[in-house]
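Enquirer: sequence and computational prediction follow.
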Amino acid sequence: MRWKTKRTLGLAVTACTLYFCVSVLMQGRKTKLLLVEKNIEMITRNPNRKPVYSYRTDNNVYISNSTIDLGQEMAPDLSELDRRTVIVSGFGQKEIMNGLGMIASIQAHMPNKQIIVYNFGIYQKRLETMKALCNVEVRKLPYNNYPIHVQHHENGAWKFLVIRDLLKEYAAVYFTSPKNRFRAPISLLLPFVKERHGIIGNVDRKNRAVDVTHPSAYHIFNLTHTNFTNTYPNAPILSGNALLLVNNSAIYTTMLQPLRACALSLSCIAPSGSTKHTVKPVGRMHTHRYEMSAFTLLMYKNFGDKWLNDNHMEDTMQRIHHRLFLNSANDHIWAHFCNPPKEEVTDKMKIS
């Protein structure tokens, strides 16, 4: 009996000790959090602090109104081309955190780069926040002008429907996935654009084009599945995670017009039985990469496989950004507002 009492007392003392230690640790953690919050409050709301602007507020940025067209000039001025390159993405509420993290990485490495985000169903509260972010413009697709399948954004048809107007408005467009995180400026790719006909994509070496393209898609571009497989048996597909397009009149009829027509046709952009998941072909069921399957077929049709033999360019693309495979990154908190706010700043860009 005495032994049981001692054992009970020992357990009670141990429990009390653990409770005391946990309480001390929790209190210390609360104290640290309060200190962090106080420091953040001092940093963000101290009226005496000297503001550090996250974008240009001077008149030293000049954008020419001359047309950049790779089909009509030997080589564009890379500095001018960089200023007239816009980064474009599209996402909805489910990917809002990934999208904000992507914006934060662009703001960190390209603080003056214009970003256009197409709204695919972002909640109003988040939408107002995004509209106030520095260098970010939120747009909405005119769905009434397009077939209903364009509203299914996973097929990527929207990219080929906005590209023509974007190239007229700017000079180059860089499509990016909201899961991409930039770690270098995209200007590193611009020296390659002339020899690549203004098209630079992220090559997916893990997937062959014939394995991830629906057999019904070939004849739409006057190709045959058999001939393509024999000619390019191990040819990789382009990834939809990153794609740079520079205005080039020479590819309008061979690339941009067929892509727009494909985007407007459900049987082209998403043939019956197509799925983005990796499946074993059964009947009409076949793995398909939608807009990038169509884009890749046209690339092989018009340029063969010469555009694949540039390891330096591929290494540069990999250097510019990496892709998140998990949704656990909390980098959305670094997406920042303009300081001063957008509505307090007049346009500082001169058009000459």
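Expert: Right, received. Where do you want to start?
Enquirer: now the helices for this protein?
Expert: Remark: helices assigned in the chain by DSSP state H are 2-45, 78-83, 96-109, 124-131, 157-169, 225-231, 257-263, 266-269, 291-303, 311-320.
Enquirer: go through these and find the least confident stretch.
Expert: Confidence, taken as mean pLDDT, is least for helix 2-45 of those (a mean of 51).
Enquirer: do me a favour and get the end-to-end distance for stretch 252-264?
Expert: Chord length of stretch 252-264, first to last residue, is 16 Å (CA to CA, to the nearest Å).
Enquirer: who's in contact with it?
Expert: The contact list for stretch 252-264 (CB atoms under 8 Å, 6 or more residues apart in numbering) reads 146-147, 150, 157-161, 163-164, 199, 220-221, 268-269, 291, 294-295, 298, 302. In this view, the C-beta of every residue, glycine as well, is placed from N, C-alpha and C.
Enquirer: just stretch 220-235 next, same as before
Expert: Stretch 220-235 is contacted from outside by 208-210, 215, 218, 258, 262, 265, 267-268, 294, 297-298, 300-301, 305, 308, using CB under 8 Å, 6+ apart.
Enquirer: go again with 7 Å.
Expert: 208-210, 215, 218, 258, 262, 268, 297-298, 300-301, 305 (CB atoms under 7 Å, 6 or more residues apart in numbering).
Enquirer: what do you get for stretch 92-103?
Expert: Identification of contacts with stretch 92-103 by CB under 7 Å, 6+ apart yields 89, 91, 115, 117, 120-123, 126, 133, 136, 176, 178-181, 324, 327, 329, 331-332, 335.
Enquirer: what subset of the residues you listed is buried?
Expert: Buried members of those, counted by 16 or more other CB atoms under 10 Å: 89, 91, 115, 117, 120, 122, 133, 136, 176, 178-181, 324, 331, 335.
Enquirer: re earlier: which among the contacts of stretch 220-235 gets closest to residue 192?
Expert: Nearest to residue 192, judged by CB to CB, of those is residue 305 at 16.5 Å.
Enquirer: give the burial count for residue 266, as a bare number.
Expert: 17 (other CB atoms under 10 Å).
Enquirer: which ones are touching it?
Expert: Contacts of residue 266 (CB under 7 Å, 6+ apart): 147, 149.
Enquirer: how near is it to residue 319?
Expert: Distance of residue 266 to residue 319, given as CB to CB, to the nearest Å: 37 Å.
Enquirer: next: residue 211.
Expert: 27 Å.
Enquirer: and what of residue 284?
Expert: For residue 284, the distance to residue 319 (CB to CB) stands at 40 Å.
Enquirer: over to residue 298?
Expert: From residue 298 to residue 319 the distance is 27 Å (CB to CB).
Enquirer: again with residue 197
Expert: 22 Å.
Enquirer: okay, those two: which has more neighbours?
Expert: Neighbour totals were compared for residue 197 and residue 319, and residue 197 leads with 20 against 12 (other CB under 10 Å).
Enquirer: tell me the pLDDT of that one.
Expert: 92.
Enquirer: likewise for the one 3 residues further on?
Expert: Reported pLDDT at residue 200 in the predicted model: 95.
Enquirer: so it touches residue 244, yeah?
Expert: Yes - assessed by CB atoms under 7 Å, residue 200 is found in contact with residue 244 at 4.2 Å.
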